[in-house]
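Chemist: Model the following, please.
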Amino acid sequence: MKVINFLRARFRKWLNEEIWMDDYLKLGLKLGSNCDINPGVVFDISHCWLIEIGNNVVIAPYAYILAHDASTQKKLGYTKIGKVKIVDNSFIGARAVIMPGVTIGKNAIVAAGSVVTKSVEDNTVVGGNPAKFIMETDALMDKHKELMKTAKMYGENGLIQNGISAAMKNKMAMELENQSGYVI
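Modeler: All right, here's what the predicted structure looks like:
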């Protein structure tokens with residue numbers, strides 16, 4: 001059965017079809033509860049059993065979570081592999097790349113587009129290529145709380161999944177011309 005699951009997932013990849021989370025789970029990926037895995041996220045299909053995602057984790061679109069690095073294969077005859085752990089309440093930004101052997105600590109934030117080659121401590125924000133410490137998670141949240149005092153704020157009617165109206169789209173576009181805002 002494991003061989004069939006692997007072949008089915010590889011066939012979908014070959015067809016350029018989306019590999020479903022169910023395929024990864026059947027192959028051994030560990031996924032906690034209440035996670036938000038956005039469209040286009042790629043988990044390393046060839047070693048997904050080495051990937052562990054904790055509870056309440058958000059992974060933004062098109063992030064890559066890799067448990068192998070084949071750059072050593074041609075010269076050494078072996079591919080580097082390592083466990084990847086993304087611990088509870090962490091956030092992985094869009095198009096971030098998490099390399100093998102990395103742990104993303106509890107309550108950590110990885111900025112969009114970052115390449116994470118070393119483990120990230122709990123309660124920290126990292127970004128860049130390679131990813132480096134930016135600030136503590138609490139400091140970032142304090143910064144946003146301060147900005148929210150004067151920012152434009154939008155409720156659930158500002159979300160596409162709740163059927164945002166054309167009028168609300170136009171209102172948001174005008175109000176956010178020269179500033180950022182926040183939506184629930």
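
Chemist: I'd like to know the average pLDDT value across the strand or helix carrying Gln73.
Modeler: According to DSSP states H and E, Gln73 maps onto helix 73-76. Mean per-residue pLDDT for helix 73-76: 95.

Chemist: Show me what it is packed against.
Modeler: If contacts are counted by 3 or more C-beta pairs under 8 Å, 6 or more residues apart in numbering; DSSP states H and E, helix 73-76 sits against no helix or strand. Any C-beta I mention is one placed from the backbone N, CA and C, and that applies to glycine too.

Chemist: starting at the chain centroid, how far to that helix?
Modeler: 30 Å (C-alpha atoms, centre = their mean, to the nearest Å).

Chemist: CA atoms only: put it into PDB for me.
Modeler: Provided in PDB are the C-alpha atoms of helix 73-76 (Å, rounded to 0.1, in the frame of the first residue of the first chain):
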ATOM      1  CA  GLN A  73      24.700  13.600  -4.600                       C
ATOM      2  CA  LYS A  74      26.900  13.900  -7.600                       C
ATOM      3  CA  LYS A  75      30.200  14.500  -5.800                       C
ATOM      4  CA  LEU A  76      29.700  12.400  -2.700                       C
END
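
Chemist: what's downstream of that helix, the next helix or strand?
Modeler: For helix 73-76, the following helix or strand on the C-terminal side (DSSP H and E) is strand 80-81.

Chemist: Just list what that next one packs against, helices and strands only.
Modeler: Where contact means 3+ C-beta pairs under 8 Å, 6+ apart, strand 80-81 is packed against strand 68-69.

Chemist: give me the low-pLDDT residue ranges for this protein?
Modeler: Low-confidence segments of the chain (pLDDT under 70): 1-19.

Chemist: Next, name the residue at the spatial heart of it.
Modeler: Nearest to the mean C-alpha position of the chain, by C-alpha atoms, centre = their mean, lies Ile59 at 2.5 Å.

Chemist: Leaving out sequence neighbours, find the closest residue to it.
Modeler: Leaving out its chain neighbours, the residue that sits closest to Ile59 by C-beta to C-beta, 6 or more residues apart in numbering is Ile92, at 4.5 Å.

Chemist: From Leu176, how far out is the one you found?
Modeler: Distance from Ile92 to Leu176, counting by C-beta to C-beta, to the nearest Å: 25 Å.

Chemist: who's more crowded, those two?
Modeler: Ile92 (28 against 13; other C-beta atoms under 10 Å).

Chemist: still on that earlier bit, in contact with the residue nearest to Ile59, which residues are there?
Modeler: By C-beta atoms under 8 Å, 6 or more residues apart in numbering, Ile92 lies in contact with Val57, Val58, Ile59, Ala60, Ala63, Ile65, Ile86, Ile98, Ile104, Val110.
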